[in-house]
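Novice: Give the three-dimensional model of this entry:
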Amino acid sequence: MIDRPTVDRILDAANIVDVISEYVTLRKAGTSYKGLCPFHDDRTPSFSVSPAKGVYKCFSCGEAGNVVNFIMKHDQMTYPEALKVLAKKYGIEEVHERELTNEEKQQENERESMFLVNEWAAKYFHNLLINNIDGKTIGLQYFRSRGFRDDIIEKFQLGFCLTGMQE
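Specialist: Below is the predicted model:
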């Protein structure tokens, strides 16, 4: 785990416009920069980078974050790997890492377990909505009556809980 002072040094040194412009052609637009989003097939510039705030945002696909998030998403890296790439780019040679304590490892394992359980539950209830007869007749009808399109239901993996499972 990279210690907090080292992370702060890397984030202070990293220039979001310089980093993203290595992947995306950016053009100045007022106080920010615009370009084609690298995360989806973009035909018009919907990708915005704000150097003052240190963030990027695509107003088409919704992808957003800071310079580390961009490297992680674009290059399929973990958080520590992305930090090391930025440290190397900006000449920060001393990247202090420390071992996680047993308590921190336990917390990380519990957190990861919660994500796995949440992912399983989301898939389970979405499957009920799409494939169960009650899910189709009650759940889908409800979502459609509220103006939800099928592509939105899929994108956000909306689900349905059967009667009697709610206790």
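Novice: For Ser48, give me phi and psi.
Specialist: phi -120, psi 140 (degrees, to the nearest 10).
Novice: nope, Gly159 is what I meant
Specialist: Dihedral angles for Gly159 - degrees, to the nearest 10 - are phi -130, psi -180.
Novice: Tell me the secondary structure at the residue lying closest to it once chain neighbours are set aside.
Specialist: Spatial nearest neighbour of Gly159, excluding adjacent residues (Cβ to Cβ, 6 or more residues apart in numbering): Phe125 at 2.7 Å. (Each C-beta comes from the backbone N, C-alpha and C, glycine too.) State at Phe125, reduced to three classes by DSSP: H, G, I helix; E, B strand; the rest coil: helix.
Novice: quick one: buried residues of the helix or strand of the chain with the lowest mean pLDDT?
Specialist: One helix or strand of the chain scores below all others by mean pLDDT, DSSP states H and E: helix 4-13, with a mean of 90. Buried residues in helix 4-13, counted by 16 or more other Cβ atoms under 10 Å: Thr6, Val7, Arg9, Ile10.
Novice: Mind jotting down where the helices sit in this structure?
Specialist: 4-13, 16-20, 67-75, 79-89, 102-131, 133-134, 141-145, 150-155 (DSSP state H).
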